[in-house]
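Visitor: A structural model of the following input is requested.
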Amino acid sequence: MASTSTPNPDMKGKEAAPPLPSNLPPDQIQQIIGVLTGASGNTKKPKIKEPSTFHGKRDQLRGWLAQLSVYFKGVAWEFEYNNDKIVYALSLLRGDALKWATPYIER
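Guide: Sure, this is the predicted structure:
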């Protein structure tokens, strides 16, 4: 009996991996997948430093926004939690930056 399979576009130019034996326990399958993908059960996620406060100095804004972006990615807020991101960013404002944002916060 001939086996038909649809080609995987991600596997272009690569050999397809042979199927895993069906008699392997699930924990061994997960361990094999971890080794193949470079993941390790002992690998710790790096601790992401919280961004510094922002006092409103224009020349520091770009760096502060970069800190926020890295932090949001590190805590998995990259694509969701927009309201949480805004509230968090507002909580880091001080000085002139807080004075500017206060009317928006009070609404």
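
Visitor: Can you pull out the low-pLDDT segments for the chain?
Guide: Scanning the chain for pLDDT under 70 picks out the ranges 1-21, 38-43.

Visitor: Helices along that one, start to end?
Guide: Taking DSSP state H as the test, the helices found in the chain are 26-37, 58-74, 82-91, 95-106.

Visitor: gap between the two ends of stretch 29-48?
Guide: Chord length of stretch 29-48, first to last residue, is 31 Å (Cα to Cα, to the nearest Å).

Visitor: repeat for stretch 69-88
Guide: Stretch 69-88: ends 12 Å apart by Cα to Cα.

Visitor: Please point out which parts of that stretch sit buried.
Guide: Going by neighbour count (16 or more other Cβ atoms under 10 Å), the buried part of stretch 69-88 is 71, 72, 77, 85, 88. Heads up, the C-betas are built off the backbone N, CA and C, glycines and all.

Visitor: Can you lay out the residues you listed as a markdown table showing distance to residue 25?
Guide: Formatted as a markdown table, these follow (distance: Cβ to Cβ, whole Å):
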| residue | distance to residue 25 |
| --- | --- |
| 71 | 39 |
| 72 | 38 |
| 77 | 36 |
| 85 | 41 |
| 88 | 42 |
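
Visitor: For these, work out which two are farthest apart.
Guide: Put simply, by Cβ to Cβ the two of those set farthest apart are 71 and 85, 9.5 Å from each other.
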